[in-house]
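>>> Compute the structure for the input listed below.
(one chain, ligands or ions: 2)
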Amino acid sequence: MSDVTLLGAETLRQAPKVLLHDHLDGGLRPATVVELAESTGYAGLPTTDADALGRWFREAADSGSLVSYLETFAHTCGVMQTEDALVRVAAEAVEDLAADGVAYAEVRYAPELFVERGLSLDAVIEAVQEGFAEGTRRVAAAGGRIVVRTLLCAMRQHARSLEIAELAVRYRDAGVAGFDIAGPEDGFPPTRNLDAFEYLRQNNAHFTIHAGEAFGLPSIWEAIQHCGAERLGHGVRIVEDIKTDSAGTVHLGRLASYVRDRRIPLEICPTSNVQTGTVPSLAEHPIGLLARLHFRVTVNTDNRLMSGCSMTSEFAALTATFGFGLEDLRWFTINAMKSAFLDFDSRLALINDVIKPGYAALA
Ligand SMILES: O=c1[nH]cnc2c1ncn2[C@H]1C[C@H](O)[C@@H](CO)O1
Ligand SMILES: [Zn+2]
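Ligands and ions are numbered 1, 2, ... in the order given. As a prediction, the model looks like this:
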């Protein structure tokens, strides 16, 4: 942790990064929200000034509660109800991630949120895939390189998870790498979707579950032991099963031990966790402890628009707050690449051809 003073913003931007937890409907450019509202006739925006709108999202999301935080998505989803809008948002997301130094990203969204104006679920998925392909082409044409895969979410408060899981399997050869459940956690335990998870396991498909954010250990336990989640979206409240005694010795409970022993990846989203009140402040975020204990920690953005963040800014905040250095950032990145829902050969190639040389060039 010694090279922290050397890590300028440009070094952090250039460092290859791997992003496993990023919501498509949480990452729009403010100006795009304004333009799409205009072109699609969405009249609900709080302001049509792009800078003011960016500030509005950050402030409204800074609510201390996941449920209030989620209310801001009405506006992004409101402007994402046409194929053209979905293609544009997806293409811009890829450009923005590449500009942020992201080498591999899994971007997630819930197709069921984009059918208000009559699009079919298939049309939604195909439009987003077209946008990701277009964005990837634009990045390549500009001399860059990024690999993007999709995770399809089902919303916990709706009852469509089996249907969405079936779509994740049907589109797996078209760029959909896995499945997730998102939305309000308290009151909607993961076991409500057991049929979907059972279906995915039977089909050798990958899934993560948002758990351990707005609800604690029972949610994490269900996600892993009843549902079979491969990764935990956030998972940060696993810290409730870790105690430090008066002598400073750390004791892991059985669930925390299991998560660590099985190398279950934690998709940690530091700024988002502060905004939703999951942790009181970045300085008190358990990522420092979890990293020190060698949990399989990964660093993620969650929602770049609502948090006004990027992978670069999350890395910057973590280096400033916890003293992480390049070696730690490389560890987070390799952790994430190892945990991706991408085939083994491709993961290895990204580690050996992109991540390791990228960090070596910066050292
Ligand atoms: O951090 C989160 N927890 C639970 N749900 C979330 C989070 N961030 C975004 N979502 C929801 C809102 C989006 O509309 C949905 C799919 O991307 O996922
Ligand atoms: Zn999330």
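
>>> tell me which element the spatially closest residue to residue 300 that is not a sequence neighbour falls in.
Of all residues not flanking residue 300 in the chain, residue 21 sits nearest, at 3.7 Å (Cβ to Cβ, 6 or more residues apart in numbering). The C-beta positions use only the backbone N, C-alpha and C, and glycine is treated the same way. Using DSSP states H and E, residue 21 maps to strand 17-23.

>>> Which residue, other than its chain neighbours, is closest to residue 294?
That would be residue 260: by Cβ to Cβ, 6+ apart, it lies 7.0 Å from residue 294.

>>> gap between the closest residue to residue 224 other than its chain neighbours and residue 127?
Excluding the flanking residues, the one nearest residue 224 by Cβ to Cβ, 6+ apart is residue 264, at 6.6 Å. Going from residue 264 to residue 127 by Cβ to Cβ, to the nearest Å gives 33 Å.

>>> What of residue 29?
In terms of Cβ to Cβ, residue 29 sits 18 Å off from residue 127.

>>> Who has more neighbours out of the two?
Between residue 29 and residue 127, counted using other Cβ atoms under 10 Å, the more crowded position is residue 127 (23 against 19).

>>> From the contact counts, what lies against the helix or strand harbouring the more buried one?
Using DSSP H and E, the element containing residue 127 is helix 121-141. Where contact means 3 or more Cβ pairs under 8 Å, 6 or more residues apart in numbering; DSSP states H and E, helix 121-141 is packed against helix 83-99, strand 147-155, helix 161-170.

>>> now check the first one, is it near ligand 1?
No: on the criterion Cβ under 6 Å from any ligand atom, helix 83-99 is out of touch with ligand 1, staying 11.7 Å away.

>>> and the lowest-mean-pLDDT helix or strand in the chain, how far from the chain's centre?
The helix or strand of the chain with the lowest confidence, counting by mean pLDDT, DSSP states H and E, is helix 66-71 at a mean of 94. Between the centre of helix 66-71 and the centre of its chain there are 16 Å (Cα atoms, centre = their mean, to the nearest Å).

>>> Quick one: residues in contact with that helix.
60-61, 63, 183-186, 213-214, 272, 275-278, 306 (Cβ atoms under 8 Å, 6 or more residues apart in numbering).

>>> Which ones among those map onto strands?
Using DSSP state E, no member of the contacts of helix 66-71 sits in strands.

>>> Please pick the buried ones from those.
60-61, 63, 183-185, 213-214, 272, 275-278, 306 (16 or more other Cβ atoms under 10 Å).

>>> Point out the residues in the stretch 251-363 of the chain that sit beside ligand 1.
When proximity is defined by Cβ under 6 Å from any ligand atom, the stretch 251-363 of the chain lies next to ligand 1 at 272, 302, 303.

>>> What's the local residue count around the second one?
In terms of burial, residue 302 registers 30 neighbours under the definition other Cβ under 10 Å.

>>> I figured it hits residue 269, correct?
Yes: taking contacts as Cβ atoms under 8 Å, residue 302 lies within contact range of residue 269: 3.6 Å.

>>> Common neighbours of these two, please.
Common neighbours of residue 302 and residue 269, using Cβ under 8 Å, 6+ apart, are residue 21.

>>> I'd like to check what contacts stretch 270-282. Which residues are they?
61-66, 69, 213-214, 234, 236-237, 285-287, 299, 301-303, 306-307, 309, 313-314, 317-318, 321.

>>> just checking, which of the residues you listed belong to helices?
61, 66, 69, 287, 306, 307, 313, 314, 317, 318, 321 (DSSP state H).

>>> What's the local residue count around the last one?
Residues within reach of residue 321, counting by other Cβ under 10 Å, total 16.

>>> which residues touch it?
Contact analysis of residue 321 by Cβ under 8 Å, 6+ apart lists 282, 283, 285.

>>> change it to 10 Å
For residue 321, the contacting residues are 270, 281, 282, 283, 284, 285, 287, 288, by Cβ atoms under 10 Å, 6 or more residues apart in numbering.

>>> now those: which count as buried?
270, 282, 285, 287, 288.

>>> now those residues in JSON lines, with pLDDT?
Formatted as JSON lines, the buried ones among the contacts of residue 321 follow (pLDDT from 0 to 100):
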{"residue": "270", "pLDDT": "98"}
{"residue": "282", "pLDDT": "98"}
{"residue": "285", "pLDDT": "98"}
{"residue": "287", "pLDDT": "98"}
{"residue": "288", "pLDDT": "98"}
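
>>> If we only consider those, which is nearest to ligand 1?
Nearest to ligand 1 among the buried ones among the contacts of residue 321: residue 270, at 11.9 Å, using Cβ to the nearest ligand atom.

>>> any idea how far residue 206 is from the closest residue to the closest one other than its chain neighbours?
Leaving aside its sequence neighbours, residue 270 sits nearest to residue 285 (Cβ to Cβ, 6+ apart; 5.4 Å). Taking Cβ to Cβ as the measure, residue 285 falls 27 Å from residue 206.

>>> rewinding a little: show me the contacts for the residue nearest to residue 270.
236, 239, 268, 270-271, 273-274, 278-279, 317-318, 321-322.

>>> Of the residues you listed, which is the most crowded?
Busiest of the contacts of residue 285 [other Cβ under 10 Å] is residue 268, holding 28 neighbours.

>>> Apart from its chain neighbours, what residue comes closest to it?
Nearest residue to residue 268 in three dimensions, chain neighbours excluded: residue 287, at 5.4 Å (Cβ to Cβ, 6+ apart).

>>> near ligand 1, which residues of the stretch 101-250 of the chain show up?
When proximity is defined by Cβ under 6 Å from any ligand atom, the stretch 101-250 of the chain lies next to ligand 1 at 108, 109, 110, 113, 153, 182, 183, 210, 213.

>>> What count of nearby residues applies to the fifth one?
Number of residues near residue 153 (other Cβ under 10 Å) recorded here: 26.
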